[in-house]
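Undergrad: okay, predicted coordinates and the sequence, questions at the end:
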Amino acid sequence: MLSINNLHARIEEKEILKGINLDIKAGEVHAIMGPNGSGKSTLASVLAGRPEYEVTGGSVEFLEKDLLELSPEERAGEGIFLAFQYPVEIPGLTTTNFIKTAVNEVRKYRGQAPYDAVQFLKLMREKMAMVEINQSLLSRSLNEGFSGGEKKRNEIFQMAMLEPKLAILDETDSGLDIDAIRIVANGVNKLRNKDNAVLLVTHYQRLLDYIVPDFVHVLYNGRIVKSGTKELAFELEEKGYDFIKNEVAQEA
Amino acid sequence: MNTIETIKERYQQLQSNNGSSVLTPIEQHAFNTFNTLGIPTVKNEEWKYTRINGVFNKEYAFNPEDISASISESDLNAIRFPGDEKTNELVFVNGLYSNELSTIHSENLTVISLEEATKSEYRELVLQHLGHSSKYINDGLNALNTAFAAEGVFIHVKKGDIVEHPVYIYNIIDARSANILAQPRVLIYVGENAQVIFAENYATFGAAESFTNQVTEIVVEKDALVEYYKIQNDAAHTNQVTTTHIRQIGKSLVNTVTVSLDGGIVRNNLNIAMEAEYSESHFFGLYFLKGATHVDNHTVVDNVKPHCQSNELYKGAVDDNATAVFNGKIFVQKDAQKTNAYQSNKNLLLSNNATVNTKPQLEIFADDVKCSHGCTVGQLDEEALFYLRSRGISEAAAKSLLIHAFAVDILGHIKPEAIRQHVDELISRRLGVEIE
Ligand SMILES: Nc1ncnc2c1ncn2[C@@H]1O[C@H](COP(=O)(O)OP(=O)(O)OP(=O)(O)O)[C@@H](O)[C@H]1O
Ligand SMILES: [Mg+2]
């Protein structure tokens, strides 16, 4: 589904991704872990098409398309969804109005007729129940004054509404209480099927108890330096990143 | 014949046809002032950023006749605010009040010509308040309007009454056969304890050019409540200078919102003279400018008496080659202790060719006051733009949503729901967004 090849990217003259290779197949869950500042969010942003990042080398193929050629909105139309590490607050735009516009723009891109008010409301009710989010939150301005956990839940709600093929969750578990992690994980699990895939960025093994990954990768200094199965996450949790850093140092 | 000559000829004609009235000396004085001051140029500090004299290079018809008949019901329907059969509608055509097209339902609302008013029980009110705006706006255009004051109307809102249905004022120009100069003139008196909502718009029919030079003076008595909404969305080949001059002569509450969308050159003077203790005023502005539209909001809040509160917020987005000018003056006179005055102007600059000139001015002569002012000129937030686009919303739609979001709080100050929705629709159409 997604094939990243020797991807290099920089921001403001600073090279951050230094040759990423990653293959994700439909139905799989991949987790990316790694120390702060190693480039995890950068990778997520580059995949979603953030204009500030400049891709300086490599390629990304998504469902047989050259992803790097597409605008952020086209990528969303193709089925990429990024749950932001830091969701943006937009005073004056209600979440409901925003998500309705988004759903219908994506439907337009996919050649589907827009939802009318009734259909939209039905879909919204269903997804709200799935991610246990409150109507009152959605009538407010987008993320404005939301608590950290409410923002993350709103990201998952948006994901549920847009039904992506590849969901990239950038530390969606950070700042969530234990119940909220379970709810978010349930939401993700309910949306999983053989045709879609999930890329999780996380610092904590705990999330992986709920969303069990097929592969775990360690991103360090702009490269994936180690890949394994979910056992790797336990090893990291236990030993920290030092042993990885040492391995990298020895290879060099 | 150029327009200035047309004006002068018309003035002479009127003066010789009509017999002398108590308004004659006021008109004569104003006409002399106009002759002395002329049309303001950019050398006039108050007109530094708005080149209005260019408008006078064209020839305009400045007709004395009532041409209400040329405005059809479907013309009216095209420009009506939403309302019901009880709505009061005051229609001006080419600057003259049209009895025929206007409908007044509320008994506590009286509309008569200023000339007539001077021969009625309202004589003293008219003589006391007519022309007060010239104390604040000392330019040729204000004088030019006053030189024809007798053609204006007097609106009286009876003391102690609530005008339950809004008063809609439609300023219509019929420019289907010639360039038109229009000079609506209104004096509004809102009696003690009365409550009234005004909403006005401007509409030009026809492809010829028009210039509106409007003066509206409003006197607000004790315990009265006035809401005044001005919606400007006329065609790009129309120009207008509007003066809204509000005197709070008794402790009262005034709420105004000025919304400017399409148009050529639009200059709005808004003065609020707070002449009674414990008065309160809120004035808001909203503009979304595109093309070559030039909108200049000049506001003056004059705190004359102590314990008054004023709150001013103007917000707008300026795209293409458009220009927004904001000049906000707050005066706090020597006696006006405990004044609380807040002012802010926030702009989004959306194109490299768009211009914003914003200038707040405070002149404070009292020592125990709270005043604050600020202005910002910024761009759309890139983070927010990416966030929306990452959800599949096209760049253009995302920008429109953000621009709408930026200003939507001002809309909340348009209290009547029907007008608020109507304005939101105008804005949404202009921005190309769907808002529920
Ligand atoms: N605008 C920028 N200019 C310069 N450096 C930047 C900029 N944005 C990000 N970086 C740097 O890029 C590096 C990678 O950042 P990134 O956000 O991808 O890390 P991360 O792996 O997601 O970290 P965390 O675990 O803390 O979320 C960091 O060193 C960061 O400081
Ligand atoms: Mg990060």
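TA: Perfect, thanks for sending it. Predicted model only: the values in this text are computed from it and were never measured. Ligands and ions are numbered 1, 2, ... in the order given.

Undergrad: then residue B:89 would be within a strand, right?
TA: Yes - assignment of residue B:89 by DSSP: H, G, I helix; E, B strand; the rest coil places it within a strand.

Undergrad: show me chain B divided up by domain.
TA: Chain B breaks down into these domains under automatic domain parsing: B:3-276, B:383-436.

Undergrad: among these, which comes closest to residue A:198?
TA: Set against residue A:198 and scored by C-beta to C-beta, these come closest in domain B:383-436, at 16.5 Å. For glycine as for every other residue, the C-beta is placed from the backbone atoms N, C-alpha and C.

Undergrad: wait, does that closest one make contact with ligand 1?
TA: No - with C-beta under 6 Å from any ligand atom as the criterion, ligand 1 is not reached by domain B:383-436; the gap is at least 11.4 Å.

Undergrad: where do the strands sit along the stretch 151-252 of chain A?
TA: Chain-ordered strands for the stretch 151-252 of chain A, with DSSP state E, counting those that start in this stretch as the definition, fall at A:166-170, A:197-201, A:215-220, A:223-228.

Undergrad: as a markdown table, these with distance to residue B:36, mean pLDDT and mean neighbour count would be great.
TA: Putting the strands of the stretch 151-252 of chain A into a markdown table (distance: least, C-beta to C-beta, whole Å; pLDDT from 0 to 100; neighbours: other C-beta atoms under 10 Å in any protein chain shown) gives the following:
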| stretch | distance to residue B:36 | mean pLDDT | mean neighbour count |
| --- | --- | --- | --- |
| strand A:166-170 | 69 | 96 | 25 |
| strand A:197-201 | 74 | 95 | 24 |
| strand A:215-220 | 77 | 94 | 22 |
| strand A:223-228 | 79 | 92 | 17 |
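
Undergrad: which one of those lies closest to chain B?
TA: When the strands of the stretch 151-252 of chain A are ranked by proximity to chain B, the top entry is strand A:166-170, at 9.9 Å, counting by C-beta to the nearest C-beta.

Undergrad: partner strands of that closest one, with direction?
TA: Applying DSSP bridges, strand A:166-170 is found paired with strand A:80-83 (parallel), strand A:197-201 (parallel).

Undergrad: measure how the last one sits relative to strand A:215-220, angle-wise.
TA: Strand A:197-201 runs at 40 degrees relative to strand A:215-220, counting by axes from the mean of the first three to the mean of the last three C-alpha atoms, to 10 degrees.

Undergrad: CA atoms of strand A:197-201 as PDB?
TA: Once side chains and other backbone atoms are set aside, the C-alpha atoms of strand A:197-201 remain, and they are given as PDB (Å, rounded to 0.1, in the frame of the first residue of the first chain):
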ATOM      1  CA  ALA A 197      -3.400   0.200   7.400                       C
ATOM      2  CA  VAL A 198      -2.300   2.100  10.500                       C
ATOM      3  CA  LEU A 199       1.000   3.800  11.200                       C
ATOM      4  CA  LEU A 200       1.400   4.600  14.900                       C
ATOM      5  CA  VAL A 201       3.900   7.000  16.300                       C
END
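
Undergrad: can it be found next to ligand 2?
TA: No - for a cut-off given as C-beta under 5 Å from the ion, strand A:197-201 has no contacts with ligand 2; the smallest distance is 6.5 Å.

Undergrad: outside of that strand, which residues touch it?
TA: With contact meaning C-beta atoms under 8 Å, 6 or more residues apart in numbering or on different chains, strand A:197-201 is reached by A:1-2, A:24-33, A:40-41, A:44, A:47, A:85, A:165-172, A:188, A:192, A:207-208, A:211, A:213.

Undergrad: now with 6 Å?
TA: A:1, A:24, A:26, A:28-32, A:40, A:166-171 (C-beta atoms under 6 Å, 6 or more residues apart in numbering or on different chains).

Undergrad: ditto for the first one
TA: Residues outside strand A:80-83 that contact it (C-beta under 6 Å, 6+ apart) are A:44, A:48, A:155, A:159, A:162, A:164, A:166-169, A:172, B:390.

Undergrad: circling back to that earlier point, could the domains of chain B be laid out in JSON lines, adding distance to chain A, mean neighbour count and mean pLDDT?
TA: Written out in JSON lines, the entries for those read as follows (distance: least, C-beta to the nearest C-beta, whole Å; neighbours: other C-beta atoms under 10 Å in any protein chain shown; pLDDT from 0 to 100):
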{"stretch": "domain B:3-276", "distance to chain A": "16", "mean neighbour count": "19", "mean pLDDT": "94"}
{"stretch": "domain B:383-436", "distance to chain A": "3", "mean neighbour count": "20", "mean pLDDT": "91"}
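
Undergrad: for chain A, which segments are assigned as helices?
TA: Secondary structure of chain A, counting by DSSP state H: helices at A:40-48, A:72-78, A:95-109, A:117-131, A:135-139, A:148-162, A:178-191, A:205-210, A:230-239, A:242-251.

Undergrad: can the fifth one be found next to chain B?
TA: No - with C-beta under 6 Å from any C-beta of the partner chain as the threshold, helix A:135-139 lies outside contact range of chain B, at a closest distance of 11.3 Å.

Undergrad: which helices and strands does that helix pack with?
TA: When contacts are defined as 3 or more C-beta pairs under 6 Å, 6 or more residues apart in numbering or on different chains; DSSP states H and E, helix A:135-139 sits against none of the other helices and strands.

Undergrad: rewinding a little: which among the domains of chain B is found nearest to ligand 2?
TA: In terms of C-beta to the ion, the element of these nearest to ligand 2 is domain B:383-436, at 14.5 Å.

Undergrad: distance from the chain centre to that closest one, please.
TA: Domain B:383-436 sits 24 Å away from the centroid of its parent chain (C-alpha atoms, centre = their mean, to the nearest Å).

Undergrad: hmm, what's the outermost residue in chain B?
TA: In chain B, the residue that sits farthest from the middle, by C-alpha atoms, centre = their mean, is residue B:390; the gap is 41.0 Å.

Undergrad: ok, now which ones touch that one?
TA: Taking C-beta under 6 Å, 6+ apart as the definition, contacts of residue B:390 comprise A:48, A:72, A:76, A:82.

Undergrad: now the residues you listed as a markdown table including pLDDT?
TA: As requested, these are arranged in a markdown table below (pLDDT from 0 to 100):
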| residue | pLDDT |
| --- | --- |
| A:48 | 97 |
| A:72 | 98 |
| A:76 | 98 |
| A:82 | 97 |
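
Undergrad: strand partners (parallel or antiparallel) of the strand or helix carrying residue B:343?
TA: For residue B:343, the enclosing helix or strand under DSSP states H and E is strand B:340-349. Each strand paired with strand B:340-349, and its direction, by DSSP bridges: strand B:309-318 (parallel), strand B:370-378 (parallel).
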